[in-house]
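Colleague: Predicted coordinates and the sequence they were generated for:
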Amino acid sequence: MAARTWIERQGELAVALKTGQLAPLAWMAEVERLAAEVDPAELMAEINRAKITLGALLPTNDPRKRSIRFVDQHGAPRKMGFAAALFDFSPSNVITPHGHRNMVSSHLVVEGAFRVRNYDRIKDLAGAMVVRPTRDYLASTGMLSAMSGDRDNIHWFVPQGGPARTFDVIISGIDPAQPDYEIAAIDPVGGEVLTDGTIRAPIMEFEDASKKYVATL
Ligand SMILES: [Fe+2]
């Protein structure tokens, strides 16, 4: 599939999700399937024609974000139905485990490889989330990781050497009556394993998570 068509398809899926025509789990299945349809190098060439804005350096060990605005043939920004970004990881950058509300996202590896760990979000407690480990795998270039409220809501990305990069599609405000999105870091490694195999993982500050969840963990 041409990269431009692939990006259009992401927009169609985002609109279908937001209008309720596509359930979050179905959206995940579609973007996972779509990942195999594009050549990451061709996608990057298309992205490089967009307007790219470098994000601020964060106090945490997060990768640097570059926001992408796709433009039309006259250079005017286009409304795509989703937010797009590149995340550029040095070998020591980590996206530490965190959960999300009222948003979905997909992360296509466009350079390098990542160890990806996911957890389902089973229950919310005061100051903690009860989570169940679902995935722990190596995502190489061309592979995609997706999350929603219904599956794999917690994700954790560790680059395998570097540089490594993901192209992210982010759709927030799924329920317009709720806050646009909410993101909270958790500590599954330091959590309490419950009798059913789930983990009571304390919510933590992203700054603290960044100190604990280094690339060797
Ligand atoms: Fe996230």
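Modeller: Alright, I've got the coordinates. Numbering: from 1, shown residues only.
Colleague: Could you give the number of residues near the spatially closest residue to Leu34 that is not a sequence neighbour?
Modeller: For Leu34, ignoring the flanking residues on the chain, the nearest one in space by C-beta to C-beta, 6 or more residues apart in numbering is Arg9 at 6.1 Å. Glycine gets a C-beta too; all of them are placed from N, C-alpha and C. Using other C-beta atoms under 10 Å, the number of residues around Arg9 comes to 16.
Colleague: cool, and Asp175?
Modeller: So Asp175, with other C-beta under 10 Å, has 11 neighbours.
Colleague: buried sites along the longest helix anywhere in the chain?
Modeller: The longest helix of the chain (DSSP state H) is helix 3-18. Residues of helix 3-18 classed as buried: 3, 6-7, 9-11, 13-14, 16-18 (neighbour count, 16 or more other C-beta atoms under 10 Å).
Colleague: helices or strands next to it in the packing?
Modeller: Applying 3 or more C-beta pairs under 8 Å, 6 or more residues apart in numbering; DSSP states H and E, one finds that helix 3-18 contacts helix 24-34, helix 40-47, strand 164-172.
Colleague: Which elements pack onto the host helix or strand of Arg132?
Modeller: In this structure, Arg132 sits in strand 128-140 according to DSSP states H and E. On a contact count with 3+ C-beta pairs under 8 Å, 6+ apart, strand 128-140 meets strand 113-125, strand 182-186, strand 199-204.
Colleague: repeat that with 6 Å
Modeller: strand 113-125, strand 199-204 (3 or more C-beta pairs under 6 Å, 6 or more residues apart in numbering; DSSP states H and E).
Colleague: low-confidence ranges in the chain?
Modeller: Across the chain, nothing is flagged by pLDDT under 70.
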